[in-house]
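>>> Starting from these lines, generate the structure:
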Amino acid sequence: MINGVLWILFLVAFAVQLIYILFIFSRLAFFKTKESPISTESKTEGVTVVIAAHNEKENLKKLIPILCNQDYPNFDIMIINDRSFDGTRSLLEKMMARYPQIRTVTVKYTPDHVTSKKYALTLGIKVAKHDVLLLTDADCIPTSDQWIKQMTAPVREQGKTFALGYSPYETDRGFLNKWIQFETLWTAILYFSFALWKAPFMGVGRNLCYRRSFFMEKKAFKDLWQITCGDDDLFINKYATGKNTALVISPDSITISKPKSTWKQFFIQKKRHFYAGKFYRARDKNKIGFYTSTHLLFWIVGICLMIFLAIEGKWEQFAGILGIITVRSMMLTWIFTAARRNLQGIRKVFWPIFYDFIYLGYFWIIGTIGYRSKTVKWK
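Next up, the predicted model:
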């Protein structure tokens, strides 16, 4: 009787997982870039790259020359110096003398009723020179001089409000870095696949484009001011639709970020991300929650079944369970491999089956802590 119930639960969970993998996540795996005609007018529309920086002197020293060498005819760089005390201001003064594209705004304090990064971004965006905004972070490096051109193309040429990009982390040694690579790719598979399904629910501020006029029309971060994080994913979650949002999927359109070097730093960062998730629209939480719930059910029930069947010596059924787990694992490996190839031009992935299992504890423990947190900090 117990085995029968477990079999039903296991097969139902597997069926749901199969639907997600084949009909949603495969959209990114099968994605093929379509060339679109470029008008003469769109070639010259101005772009403002927006960066909020708090004590980012060393990162800006590396980033600014790379940004200024982008292959795009009409852009400037707005750097918001958010309460920095590490010499950022003097660096920006020197850089402005060398690079005419740079403009700055200095934030000396943050009002009590708003959060620091949203306030800094709002001040910078209000005085941005151009209507097309391309946002990134000070510790992000574009992988190509075509970054501005590619990331802004859907907004400039196709009339889209949002263009969502990918921003992986630098590769390094150690299990922490491998986990960060996996978790970042998995997050991208989620939000890219749902966006390709015409149901966008988030983006990342490390690589994001939208129009200043839309931002001002919506009164900046109205209704989001009190939420410490979410200047990127919550803004997208609130306003992005299948019609006004496009994806930019190309190795030339990504920015590479610096990963956290300790588990403590990583958990603080992810706690902030999960905290933002509680403010997603109900339908988006349900879509993600349905997958993660059946993911948990699949593994727990599958392991319990294998234990019971091994005790009873039912090795044929044991092999059946193992076979189903293997099939799902092979499909996930294919999804991860194809997704990374499309996003980064890299085929290698790190043992998706192993990290998929570890993700259970990570999501339900760290996710619950972040979701239940009352507040988090940016910097």
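
>>> can we go C-alpha only for contacts and neighbour counts from here?
Will do.

>>> Next secondary structure after the helix or strand of the chain with the lowest mean pLDDT?
Within the chain, judged by mean pLDDT, DSSP states H and E, the helix or strand with the poorest mean is helix 40-44; its value is a mean of 56. Later in the chain than helix 40-44, the nearest helix or strand by DSSP states H and E is strand 47-53.

>>> helices or strands next to that next one in the packing?
If you count contacts as 3 or more Cα pairs under 8 Å, 6 or more residues apart in numbering; DSSP states H and E, strand 47-53 packs onto strand 75-82, helix 116-126, strand 132-135.

>>> distance between the second one and the chain's centre?
Helix 116-126 has its average C-alpha position 20 Å from the chain's average C-alpha position, going by Cα atoms, centre = their mean, to the nearest Å.

>>> now for it, which elements pack on it?
By 3+ Cα pairs under 8 Å, 6+ apart, helix 116-126 packs against strand 47-53, strand 75-82, strand 102-107, helix 212-217.

>>> Repeat that for the last one.
Other elements packing on strand 132-135 under the criterion 3+ Cα pairs under 8 Å, 6+ apart are strand 47-53, helix 147-157, strand 208-211.

>>> tell me how far the helix or strand following the longest one is from the chain's mean position?
Counting by DSSP H and E, the element after helix 147-157 in chain order, helix or strand, is strand 162-164. The gap between the average C-alpha position of strand 162-164 and the chain average comes to 12 Å, counting by Cα atoms, centre = their mean.

>>> Quick check: can you name the pairing partners of strand 162-164 and their directions?
Next to strand 162-164 in the sheet, as set by DSSP bridges, lie strand 208-211 (antiparallel), strand 245-247 (parallel).

>>> Can you list the neighbours in contact with the helix or strand that it is followed by?
Sequence order places helix 175-196 as the next helix or strand after strand 162-164, per DSSP H and E. Here helix 175-196 makes contact (Cα atoms under 8 Å, 6 or more residues apart in numbering) with 24-28, 166, 168-169, 171-172, 200-203, 242, 245-247, 259, 261-263, 336, 339-340, 349-350, 352, 355.

>>> Domain ranges for this structure, per the record?
Listed domain ranges for the chain are 2-28+283-372, 37-157+202-239 (source: automatic domain parsing).

>>> Do me a favour and average the pLDDT over the first one.
When you say that, I think you mean domain 2-28+283-372. What domain 2-28+283-372 shows for mean pLDDT is 89.

>>> Pull the contacting residues for Thr333.
Residues near Thr333 by Cα under 8 Å, 6+ apart: 349, 351-353.

>>> does it sit in a helix or strand, and which one?
Per DSSP H and E: Thr333 is located in helix 315-344.

>>> how far out from the middle of the chain is that helix?
Distance of helix 315-344 from the chain centroid (Cα atoms, centre = their mean) equals 24 Å.

>>> Output the contacting helices and strands for the helix or strand following that helix.
For helix 315-344, the following helix or strand on the C-terminal side (DSSP H and E) is helix 352-361. Using 3+ Cα pairs under 8 Å, 6+ apart as the contact test, the elements touching helix 352-361 are helix 175-196, helix 282-312, helix 315-344.

>>> possible to save the domains of the chain as TSV with distance to Thr255?
Below are those laid out as TSV (distance: least, Cα to Cα, whole Å):
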stretch	distance to Thr255
domain 2-28+283-372	10
domain 37-157+202-239	4
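
>>> Check these for me and report the most buried one.
Highest mean neighbour count of the domains of the chain: domain 37-157+202-239, a mean of 19 (counted as mean count of other Cα atoms under 10 Å).

>>> Once you drop chain neighbours, what's closest to the spatially most central residue of the chain?
Nearest to the mean C-alpha position of the chain, by Cα atoms, centre = their mean, lies Val204 at 4.1 Å. Excluding the flanking residues, the one nearest Val204 by Cα to Cα, 6 or more residues apart in numbering is Asp232, at 5.5 Å.
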